[in-house]
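Visitor: Okay, here's the prediction I keep looking at, along with the sequence it came from:
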Amino acid sequence: MTDLLPAAVVVASNRAAAGVYEDATGPVMVDWLVGQGFTCGAPAVVRDGDPVGEAVRSAVEAGARVVLTTGGTGLTPTDRTPEAVRPLLDREVPGIAEAIRARGVAAGVPTAMLSRGLAGVVGQCLVVTLPGSRGGVRDALAVLEPVLRHAVEQVVGSDHP
């Protein structure tokens with residue numbers, strides 16, 4: 001059995017953070033990560049913008065090897081996740097975000113191309129910003145499933161079978 005690696009989920013939602021409604025995407029992502037062989041606590045639900053960057057930074061500093069965010073990647077004035085995460089990145093991994101957008105468009109969701117999601121490496125951690133919709137999360141997790149463990153291992157220079 002492979003070693004369990006620490007992961008974290010950050011939900012960027014002004015309304016969920018304010019208690020207007022309960023987030024539905026974060027728990028799905030946590031369950032998925034656990035199913036992929038990671039350890040993961042409850043999602044951090046924060047306001048969009050700087051709090052997202054702070055939550056990602058905290059997760060990285062706590063030893064997370066992968067951080068997935070959801071929300072804040074669209075075009076509305078409050079969608080600020082890419083701006084909060086990009087300055088943290090040591091290197092970008094554009095193919096991941098491109099593949100997530102392409103999957104959504106191929107699934108018949110033309111608005112998937114409007115996502116400004118990104119992916120990259122912070123220290124020894126892979127960070128991927130997912131869309132905030134349930135469908136966008138589902139598509140993104142399907143894209144990540146065959147490559148996530150390999151990508152996380154590659155970040156630290158591990159060989160692969």
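Guide: On my side now, so go ahead. Bear in mind that the values here come from a model prediction, so they are computed numbers and not experimental data.
Visitor: C-alpha only now, for contacts and for neighbours.
Guide: Noted.
Visitor: Flag the shaky bits of this protein, pLDDT-wise.
Guide: 1-2, 159-161 (pLDDT under 70).
Visitor: Strands of this structure, start to end?
Guide: Using DSSP state E, the strands assigned to the chain run over residues 5-12, 38-40, 44-46, 66-70, 91-92, 119-122, 125-130.
Visitor: Looking at the ones you listed, spot the one closest to Gly104.
Guide: For Gly104, the closest of those is strand 125-130, at 11.5 Å, according to CA to CA.
Visitor: Bridge partners for the residue sitting nearest the centre point of the chain, pull those for me.
Guide: The centroid of the chain falls nearest to Leu68 when counting by CA atoms, centre = their mean (2.3 Å). Taking DSSP bridges as the rule, Leu68 bridges to Val9, Val128.
Visitor: Does it touch Gly132 like I think?
Guide: No: shown here, Leu68 and Gly132 do not form a contact pair, counting by CA atoms under 8 Å, at 11.3 Å.
Visitor: ok, Arg80 - contacts?
Guide: Arg80 makes contact with 48-50, 72-73 under the criterion CA atoms under 8 Å, 6 or more residues apart in numbering.
Visitor: Tabulate these (TSV), appending distance to Leu141 and neighbour count.
Guide: Below are the contacts of Arg80 laid out as TSV (distance: CA to CA, whole Å; neighbours: other CA atoms under 10 Å):
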residue	distance to Leu141	neighbour count
Asp48	21	23
Gly49	23	20
Asp50	25	15
Gly72	17	30
Thr73	16	24
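Visitor: what two of those are the furthest from one another?
Guide: That would be Asp50 and Thr73, which, of those, are the farthest apart (CA to CA) at 13.5 Å.
Visitor: For the residue nearest to the centre of the chain, list the residues it contacts.
Guide: 7-10, 29, 127-130.
Visitor: Mind giving me the ChimeraX command for buried ones among these?
Guide: Selecting just the buried residues from the contacts of Leu68 in ChimeraX takes one command, with 16 or more other CA atoms under 10 Å as the test:
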select :7,8,9,10,29,127,128,129,130
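Visitor: can you give me the helices in the chain?
Guide: For the chain, the helices defined by DSSP state H cover 14-17, 25-35, 50-61, 81-85, 94-106, 134-144, 148-155.
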